[in-house]
Each structure stands twice: as structure tokens, then as C-alpha cells.
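Q: Build me a model:
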Amino acid sequence: MNVIDRILEEAKGLTEGQRLSLAHRLLIVDQPGNTEEVENAWDIEIRKRIHRYDEGKTMARDANEVFKDLDHRLNR
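A: Okay, the predicted model is just below:
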């Protein structure tokens with residue numbers, strides 16, 4: 001079993017909140033500090049995406065499908 005698989009198995013024993021916190025920390029670990037400009041840009045982008053979704057111009061995907069696709073791409 002590789003390190004990633006072992007960590008995943010251990011993470012399965014966490015509560016949902018703990019897993020979300022871990023995922024967030026992993027996502028930001030190598031990110032430079034966010035500036036107000038970056039936060040504002042993301043706020044605008046999020047609002048645009050919600051608007052497109054509300055208008056039926058885009059569809060939602062189950063997070064499990066998204067992460068499965070990412071895992072597949074990263075493990076090629």
C-alpha cells in the first residue's frame with residue numbers, strides 16, 4: 001500500500017468535518033497567501049458560476065465524480 005492509499009484509509013476514520021478541514025488544508029498548503037484582490041476575483045467568479053447555474057446554462061456534477069476524474073488524471 002502506498003503512502004497516499006494509507007493516508008486515505010486513515011482519513012476515512014475522521015468525521016466529515018475533519019475530512020473537509022484536512023482537504024482544505026491540503027488544497028492551500030502550497031498556495032501563496034491570498035490577497036484581497038484574489039479574494040474579490042474569486043467572489044466575482046463564484047457569483048458568475050451561480051448565475052449561470054441558476055439560468056440553466058451549466059449543470060452540477062457530483063463531487064465524487066469530479067474527484068474520481070482528478071484521481072484518474074493524476075495517476076496516469
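
Q: Can you name the element that comes right after the lengthiest helix in the chain?
A: Longest helix in the chain, counting residues (DSSP state H): helix 36-54. Once the chain leaves helix 36-54, the next helix or strand it forms, by DSSP states H and E, is helix 63-74.

Q: How far off centre is the strand or helix carrying E10?
A: Using DSSP H and E, E10 maps to helix 3-11. With Cα atoms, centre = their mean, to the nearest Å as the basis, helix 3-11 stands 17 Å off its chain's centre.

Q: What's the local residue count around G33?
A: G33 has 6 neighbouring residues, counting by other Cβ atoms under 10 Å. For the C-beta atoms, the positions are set from N, CA and C on the backbone; glycine is no exception.

Q: Report the separation between it and D43.
A: Applying Cβ to Cβ, to the nearest Å, the value for G33 to D43 is 17 Å.

Q: Q31 too?
A: Distance, Q31 to D43, using Cβ to Cβ: 17 Å.

Q: Contacts only, for E16.
A: E16 makes no contacts at all, as judged by Cβ atoms under 8 Å, 6 or more residues apart in numbering.

Q: And the pLDDT for it?
A: Note on E16: pLDDT of 90.

Q: Run a quick check on R49 versus A60, I expect a contact.
A: No - if you go by Cβ atoms under 8 Å, R49 and A60 don't touch, sitting 10.2 Å apart.

Q: more neighbours, these two?
A: Between R49 and A60, R49 has the larger neighbour count (other Cβ under 10 Å), namely 12 against 6.

Q: so how far is I4 from the residue lying closest to that one once chain neighbours are set aside?
A: Nearest-residue entry for R49: T58, 7.2 Å, with adjacent residues in sequence omitted and distances by Cβ to Cβ, 6 or more residues apart in numbering. Distance of T58 to I4, computed by Cβ to Cβ: 31 Å.

Q: Quickly note the distance from V66 to R73.
A: In this view, V66 and R73 are 11 Å apart by Cβ to Cβ.

Q: Cool, thanks, talk later.
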